[in-house]
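K.L.:
pasting a predicted model and its sequence here:
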Amino acid sequence: MNRGLFLDRDGVINELVFYPSHGEWESPRSVEELRMLPGIESPLREAIRRGWLLFLITNQPSYAKGKCSLESLQQVHERVLERLGEAGVVITGSFVCYHHPDSQIPGFGPCQCRKPSPHLLREAAARYDVDLTKSWMAGDSGTDIEAGRSAGCRTALIEYEHSEARRGTVRPDLVCADLAELVQKIA
């Protein structure tokens, strides 16, 4: 069986964007707003070199909340994958939840895939023969840690500067400044 490194996207791979209209740091809603975290490609390539399969597991509720188009969110995600691919980073699987419990859009309300549910991690594990007990879930919010723990993974909180309000109370197995520190610690 394989071991997987499950990664939240925003605040781990790319920067969050401050939206004055809502007074919050959130996921980028357009390709023009997308900024990859500086140097993120290097630790991802190192993780692959060490035998980890990389997965993106991300909640993207801005469409469900009526803040942008679904197409725009999909373009942002595709651009993240393109930028990583251009840098030699192979993402084995990418899993996106576009739902939100308070959705304004029919069909995008409560679901089984939205973190903190472990559903997408379990789906990835089944599809790619991943042993969740030998895998890690890394993210910048409490929902990432809860999803990883519920799936049976070890968990790492990435202390992204604009995510402090979303960290929650669930204790991760590791706390790291960034993904580079995590990759060095998990070998």
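P.N.:
Nice, I can see it.
K.L.:
quick one, longest helix in the protein?
P.N.:
Counting residues, the longest helix found in the chain (DSSP state H) is helix 70-86.
K.L.:
end-to-end on stretch 155-162?
P.N.:
Start-to-end span of stretch 155-162 (C-alpha to C-alpha, to the nearest Å) is 20 Å.
K.L.:
hang on, I meant stretch 150-162
P.N.:
End-to-end distance of stretch 150-162 (C-alpha to C-alpha): 25 Å.
K.L.:
please state the offset of that stretch from the chain centre?
P.N.:
When distances are taken as C-alpha atoms, centre = their mean, to the nearest Å, stretch 150-162 is centred 10 Å away from the chain's centroid.
K.L.:
now do that stretch: everything it contacts.
P.N.:
Here stretch 150-162 makes contact (C-beta atoms under 8 Å, 6 or more residues apart in numbering) with 4, 6, 8, 11-12, 15-16, 18, 25, 116-118, 121-122, 125, 132-133, 135-140, 144-145, 148-149, 167, 172-179, 182, 186. Every C-beta, even on glycine, is put in place using the N, C-alpha and C of the backbone.
K.L.:
may I have stretch 93-106 as CSV, with CA atoms only?
P.N.:
Taking Å, rounded to 0.1, in the frame of the first residue of the first chain, the C-alpha atoms of stretch 93-106 are listed here in CSV:
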residue,chain,number,x,y,z
GLY,A,93,-5.3,13.1,-6.9
SER,A,94,-7.2,16.3,-6.4
PHE,A,95,-10.5,16.4,-4.5
VAL,A,96,-12.6,19.6,-4.3
CYS,A,97,-15.8,20.2,-2.3
TYR,A,98,-17.8,23.2,-3.6
HIS,A,99,-20.6,22.8,-1.1
HIS,A,100,-21.6,24.8,2.0
PRO,A,101,-24.2,24.1,4.7
ASP,A,102,-25.6,27.7,4.2
SER,A,103,-25.6,27.5,0.4
GLN,A,104,-27.5,30.1,-1.6
ILE,A,105,-27.3,27.8,-4.7
PRO,A,106,-29.6,24.8,-5.1
